[in-house]
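Engineer: A structural model of the following input is requested.
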Amino acid sequence: MIHPSAIIDPSATVHESCEVGPFAVIGADVVIGSGNTIGPHAVISGPTTIAEDNHIFQFASIGADPQDLKFDGKESRLEIGSRNRIREFVTVNRGTAGGGGVTRIGNDNLLMAYVHVAHDCLIDNHTVFANSASLAGHVSVGDYAILGGFTLVHQFSRIGAHSFSGMGSVINKDVPPYLLVTGHYAESKGINKQGLKRRGFSKEEISALQKSYLSLVRRKGVIEESVFEEVQQLADQFPGVKNMLDFVRSAERGTVS
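Structural biologist: You can find the predicted model right below:
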């Protein structure tokens with residue numbers, strides 16, 4: 001299952017069930033669990049841990065040093081979960097000591113060709129990154145978020161769960177959960193209704209999210225405490241509204257509007 005032209009560092013651990021293609025390079029301090037497929041010419045650098053049943057396609061660069069001028073060689077790592085598909089020419093960098101020391105990708109994600117995930121990014125589960133979407137450092141992405149092709153995300157921004165960005169969006173603020181955003185710079189266009197319907201959200205919860213969106217995101221100026229209290233009543237009934245409310249309250253960069 002390991003092609004004879006592949007180069008594997010003696011300190012790397014590759015499960016016997018893995019398939020490693022021609023001219024792939026697996027470096028020091030890499031641990032690869034069962035059922036993984038590593039394509040031809042892929043390069044995996046360590047310290048990196050990859051769980052189970054991932055498919056890393058040809059020419060991907062996984063676990064390289066962070067592209068941060070402050071990086072001085074201090075140990076940092078990359079952690080990748082299970083059942084991810086990482087397509088051609090994707091680049092994922094390890095973390096930095098100043099950013100927590102780890103870049104982490106969860107489970108069941110699709111990173112299409114030419115996607116870039118910079119140092120200290122935290123990606124949850126079931127996300128989709130279309131071609132050439134790029135995250136600067138310290139970005140977090142919630143469950144089921146979808147980034148359209150060529151989406152660019154500013155460092156330290158947060159992308160909420162179940163949100164959707166249109167092709168070519170430039171995101172320089174936090175995107176609350178459940179939103180549809182697009183533009184340069186990205187602006188909100190409403191709730192991601194179609195996505196929420198596909199994932200089983202009830203009509204009542206989608207309606208409550210729409211109402212909360214108008215109160216928390218589309219409202220201009222400082223949000224008065226009375227508005228938070230009003231939304232809190234919906235949050236007591238609907239978990240999604242609580243997620244949106246907590247996200248907006250904790251936003252340090254401001255949110256798209």
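Engineer: tell me what the helix or strand of the chain with the lowest mean pLDDT is packed against?
Structural biologist: Least confident helix or strand of the chain, by mean pLDDT, DSSP states H and E, is helix 225-235 with a mean of 91. Helix 225-235 sits against helix 203-216, helix 239-250, with contacts defined as 3 or more Cβ pairs under 8 Å, 6 or more residues apart in numbering; DSSP states H and E. From N, CA and C alone the C-beta is placed, and that goes for glycine too.
Engineer: off-centre distance for stretch 231-241?
Structural biologist: Between the centre of stretch 231-241 and the centre of its host chain there is 26 Å, according to Cα atoms, centre = their mean, to the nearest Å.
Engineer: contacts for that stretch?
Structural biologist: 177-178, 201, 204-205, 208-209, 211-212, 215-216, 242, 244-245 (Cβ atoms under 8 Å, 6 or more residues apart in numbering).
Engineer: quick one on the thing from earlier: quick one, the least confident helix or strand of the chain and helix 203-216 angle?
Structural biologist: 170 degrees (axes from the mean of the first three to the mean of the last three Cα atoms, to 10 degrees).
Engineer: list the buried residues of helix 225-235.
Structural biologist: 231, 234-235 (16 or more other Cβ atoms under 10 Å).
Engineer: next, format those residues as a markdown table and append distance to Asn107.
Structural biologist: Shown next, in a markdown table, are the buried residues of helix 225-235 (distance: Cβ to Cβ, whole Å):
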| residue | distance to Asn107 |
| --- | --- |
| Val231 | 31 |
| Leu234 | 30 |
| Ala235 | 27 |
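Engineer: what's the closest of those residues to Leu122?
Structural biologist: Ala235 (24.0 Å; Cβ to Cβ).
Engineer: now the closest one, nearest residue through space, not along the chain?
Structural biologist: In this structure, Ala235 finds its nearest non-sequential neighbour in Lys242, 3.9 Å apart by Cβ to Cβ, 6 or more residues apart in numbering.
Engineer: now do Phe201
Structural biologist: Closest residue to Phe201 apart from its sequence neighbours, by Cβ to Cβ, 6+ apart: Gly240 at 6.8 Å.
Engineer: how does the chain divide up, domain by domain?
Structural biologist: Annotated domains of the chain cover 7-191, 195-250 [automatic domain parsing].
Engineer: tell me which of these approaches Val256 most closely.
Structural biologist: Nearest of the domains of the chain (Cβ to Cβ): domain 7-191, 5.0 Å.
Engineer: the closest one spans what distance, first to last residue?
Structural biologist: One end of domain 7-191 sits 48 Å from the other (Cα to Cα, to the nearest Å).
Engineer: related to what we said a few turns ago, rank the domains of the chain by pLDDT, which is bottom?
Structural biologist: Least confident of the domains of the chain, judged by mean pLDDT, is domain 195-250 with a mean of 92.
Engineer: circling back to that earlier point, pick the most deeply packed of the domains of the chain.
Structural biologist: domain 7-191 (a mean of 20; mean count of other Cβ atoms under 10 Å).
Engineer: so what's the gap between that domain and the chain middle?
Structural biologist: Using Cα atoms, centre = their mean, the offset of domain 7-191 from its chain centre is 7 Å.
Engineer: re the thing from before, I'd like the distance between the residue nearest to Ala235 and Gln233.
Structural biologist: Per Cβ to Cβ, to the nearest Å, Lys242 is found 11 Å from Gln233.
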